[in-house]
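> Next come a sequence and a model predicted from it.
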Amino acid sequence: MASSILHEIRQPLFSIKGYVQMLLLEAHKSGKVDERLVKVHELVEDLERRASSYLDFSRDPDDQMIPLDINDPIRGAVRMFQHRVDKLRVQVHLELASGLPPVRGSFSLLQQVLVNLLQNAVHALQDRDFSEPRHIWIRSRLGDSGKQVEVLFADNGAGIRAEHAGKVFEFFFTTKAVGEGTGLGLAISQEIVQAHQGELRLWDAAEWDCSAAPRPTTVFRMALPVLERG
Ligand SMILES: Nc1ncnc2c1ncn2[C@@H]1O[C@H](COP(=O)(O)OP(=O)(O)O)[C@@H](O)[C@H]1O
Ligand SMILES: [Mg+2]
């Protein structure tokens with residue numbers, strides 16, 4: 001579960017903060033405060049805050065597992081991003097299958113996964129030239145075996161370099177500038193999806209079945225088991 005990993009992370013984080021505060025105190029006393037140390041302190045506090053908010057999140061009563069249509073948390077997350085995608089002129093293409101069988105899940109946790117994917121996609125798209133159209137595609141469909149509901153999440157942003165592909169789900173792996181990324185989004189998302197007996201992976205963008213340009217550069221695939229009716 002995501003929350004048990006977060007508990008483990010919070011403990012050493014708390015110790016790190018203690019040491020950094022001790023160093024800060026000494027620096028203040030000697031009148032030589034290194035700005036880099038101040039930055040480290042800020043970042044550790046930020047990480048601690050995020051870890052705590054995720055923990056609170058997983059105690060939220062909304063996190064109860066209920067039968068739901070995967071399209072609902074998708075639409076909820078997209079709504080939360082409407083303003084940002086409009087501002088950046090990103091076109092969001094929702095290709096959501098209707099009449100999908102339900103999955104068993106937490107609306108808010110699954111919505112959080114979609115929010116994390118959207119956040120990354122928007123970040124990867126924002127540096128693109130305005131002349132180049134920015135796109136996000138979100139597809140839902142019944143998997144081939146009929147036993148899984150699939151969500152394909154794609155963007156035509158900067159893309160993931162081949163040497164990073166194996167690392168993006170690791171805790172604290174980030175290619176973003178200090179203060180812009182924590183490297184927690186995908187790691188936590190994968191934990192959440194696994195807690196739903198599902199899987200979240202990178203998918204080969206070449207497999208995207210759409211002949212028309214533009215094509216995605218990055219595709220994630222989430223699969224959740226179809227709820228068996230007892
Ligand atoms: N849609 C995407 N396009 C390009 N790179 C991505 C995308 N999603 C994730 N990444 C890469 O994976 C890394 C880890 O993502 P994440 O776990 O969400 O942490 P963070 O966003 O804080 O860096 C990012 O720093 C980025 O390098
Ligand atoms: Mg992220």
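Received the coordinates, thanks. Everything quoted here is computed from the prediction, not taken from an experiment. Ligands and ions are numbered 1, 2, ... in the order given.

> phi, psi of L100?
With angles defined as degrees, to the nearest 10, L100 sits at phi -70, psi 150.

> do you know how far it is from ligand 2?
L100 sits 27 Å away from ligand 2, taking CB to the ion, to the nearest Å as the criterion. All C-beta spots, glycine's among them, are computed from the backbone N, C-alpha and C.

> Briefly note if stretch 183-193 comes near ligand 2.
Yes - for stretch 183-193, a contact with ligand 2 is found by CB under 5 Å from the ion, at G185.

> Which residues does that stretch contact?
Residues outside stretch 183-193 that contact it (CB atoms under 8 Å, 6 or more residues apart in numbering) are 1-2, 5-6, 50-51, 54, 109-110, 112-113, 116-117, 119-120, 168-174, 199-200, 222, 224.

> Give the rounded mean pLDDT of it.
Mean pLDDT, stretch 183-193: 91.

> circling back: can you flag which of the contacts of stretch 183-193 belong to strands?
Those of these mapping onto strands are 199-200, 222, 224, per DSSP state E.

> tell me, how many neighbours does A223 end up with?
Here the number of neighbours of A223 (other CB atoms under 10 Å) works out to 20.

> same deal with the one 4 residues further on?
Under the neighbour criterion other CB under 10 Å, L227 is assigned a count of 16.

> Now do the contacts for it.
By CB under 8 Å, 6+ apart, the contact set of L227 is 67, 101-104.

> For the protein, which residues are neighbours of ligand 2?
By CB under 5 Å from the ion, the residues of the chain that approach ligand 2 are 120, 185.

> picking up where we left off before, closest one to D209 out of the contacts of L227, please.
Using CB to CB, the shortest approach to D209 within the contacts of L227 belongs to P101, at 22.1 Å.

> did I read that right, that closest one in a strand?
No - with DSSP: H, G, I helix; E, B strand; the rest coil as the criterion, P101 is coil rather than part of a strand.

> For the nearest residue to it once chain neighbours are set aside, which residues are in contact?
Spatial nearest neighbour of P101, chain neighbours left out: V226 (4.6 Å); criterion: CB to CB, 6 or more residues apart in numbering. Counting by CB under 8 Å, 6+ apart, V226 touches 101-103, 142, 146-149.

> Thanks a lot, catch you later.
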